[in-house]
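A.B. asks: got a predicted structure plus its sequence, pasted below:
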Amino acid sequence: MHDKMIILDLDRTLLRNDKSISEYSINILEKCKMSGYIISFATARQKRGILNYKEIVRPIGLVLNNGANIYVKDRLLKQFGIPSKKTKEIVGLLERRFPNATLSVEIDDVMYTNFIPPDKTPYVKINFNELPEKIADRIVIGTIPLEEIMTIEHLITEDLYFELNYGRYGFIMDKKVSKWLGVVELLKYLGIKIENTIAFGDDFGDIEIIKNCGRGICVKNGLEEVKAVADELCDSNENDGVAKWLEKNLL
């Protein structure tokens with residue numbers, strides 16, 4: 001019976017710095033599944049950003065966009081976000097206050113931006129007044145000093161919240177959106193008890209999961225704030241820390 005869950009952050013946790021998953025980690029995760037564990041991802045990535053890893057690991061649960069989109073296999077279980085009118089108001093305010101900031105809005109797995117991303121991330125450069133009339137998963141602001149990003153917190157309305165990612169980007173999301181709340185929805189749907197969960201992470205968005213799950217593990221390269229609430233530490237993402245911990249403690 002599959003009544004236990006392993007919850008994995010991706011970047012800087014399961015993934016190595018070159019964004020790969022080692023064969024060793026893949027084999028260990030397969031053995032965990034054979035031992036009765038359900039594998040789930042909980043990540044800030046969008047659906048388009050996890051496709052390769054989904055094919056390799058074949059997780060049952062997906063908590064994407066920091067919890068804005070929750071999937072069981074390929075079925076969308078829940079979606080939370082910012083209404084279209086409010087999204088445009090917030091982006092307009094940010095554009096006026098921070099004219100040099102990069103801004104992006106995630107809607108239906110499309111990134112709408114006011115800049116050209118430096119990597120190969122698919123995007124649509126747009127005048128934000130022309131955004132689709134749909135719920136936004138999140139608004140992201142970056143490329144301005146951290147102290148400026150932090151002032152955004154005072155602009156957020158009571159139904160939204162602000163979160164730092166890697167200490168370089170500010171995420172604005174609906175208060176119903178977090179990795180932890182997404183995990184709770186998964187557990188309810190799958191009938192798994194919180195005490196039967198093991199979570200791995202490294203960044204601010206992982207703190208609630210690490211703190212609240214049955215066992216919370218922070219990778220060696222994680223932020224000090226995450227290490228402070230973790231039950232244990234494991235080796236770094238570059239050294240297959242997640243897989244090493246799983247092999248030693250579960251297999």
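C.D. replies: All right, it came through fine.
A.B. asks: so how far is Thr113 from the spatially most distant residue from the centre of the chain?
C.D. replies: If you look at how far each residue of the chain sits from its centre, by C-alpha atoms, centre = their mean, the farthest one is Arg96, at 28.1 Å. Distance, Arg96 to Thr113, using C-beta to C-beta, to the nearest Å: 17 Å. For the C-beta atoms, the positions are set from N, CA and C on the backbone; glycine is no exception.
A.B. asks: what helix or strand does the residue farthest from the centre of the chain sit in?
C.D. replies: Taking DSSP states H and E as the definition, Arg96 sits inside helix 84-97.
A.B. asks: contacts for that helix?
C.D. replies: 82, 101, 103, 105, 114, 128-129, 131-136, 139, 141, 152, 155, 157, 160, 172 (C-beta atoms under 8 Å, 6 or more residues apart in numbering).
A.B. asks: among these, which ones are buried?
C.D. replies: 82, 101, 103, 105, 114, 128, 131, 135-136, 139, 141, 152, 160, 172 (16 or more other C-beta atoms under 10 Å).
A.B. asks: pLDDT for the residues you listed - can I get that in JSON lines?
C.D. replies: Shown next, in JSON lines, are the buried ones among the contacts of helix 84-97 (pLDDT from 0 to 100):
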{"residue": "Ile82", "pLDDT": "93"}
{"residue": "Ala101", "pLDDT": "88"}
{"residue": "Leu103", "pLDDT": "92"}
{"residue": "Val105", "pLDDT": "94"}
{"residue": "Asn114", "pLDDT": "91"}
{"residue": "Phe128", "pLDDT": "90"}
{"residue": "Leu131", "pLDDT": "93"}
{"residue": "Ile135", "pLDDT": "92"}
{"residue": "Ala136", "pLDDT": "93"}
{"residue": "Ile139", "pLDDT": "92"}
{"residue": "Ile141", "pLDDT": "88"}
{"residue": "Ile152", "pLDDT": "78"}
{"residue": "Leu160", "pLDDT": "87"}
{"residue": "Ile172", "pLDDT": "89"}
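A.B. asks: out of the residues you listed, which sit inside strands?
C.D. replies: Applying DSSP state E to these, the entries found in strands are Leu103, Val105, Ile139, Ile141, Leu160, Ile172.
A.B. asks: the first one reaches Asn114, doesn't it?
C.D. replies: Yes. Judged on C-beta atoms under 8 Å, Leu103 makes contact with Asn114 at a distance of 5.0 Å.
A.B. asks: for the closest residue to Lys33 other than its chain neighbours, what are its contacts?
C.D. replies: Ranked by C-beta to C-beta, 6 or more residues apart in numbering and with sequence neighbours excluded, the top spatial neighbour of Lys33 is Ile39, at 6.2 Å. Contacts here follow C-beta under 8 Å, 6+ apart; on that basis Ile39 touches Met5, Ile6, Leu8, Leu29, Cys32, Lys33, Val57, Arg58, Pro59, Ile60, Gly61.
A.B. asks: surely Ile39 forms part of a helix?
C.D. replies: No. Ile39 is assigned strand when assessed by DSSP: H, G, I helix; E, B strand; the rest coil, not a helix.
A.B. asks: how many neighbours does the nearest residue to Gly222 once chain neighbours are set aside have?
C.D. replies: Distances taken as C-beta to C-beta, 6+ apart place Asp202 nearest to Gly222, at 3.6 Å, with adjacent residues excluded. For Asp202, the count of nearby residues is 26 (other C-beta atoms under 10 Å).
A.B. asks: isn't Asp202 up against Glu224?
C.D. replies: No. With contact defined as C-beta under 8 Å, Asp202 does not count as touching Glu224 (10.9 Å).
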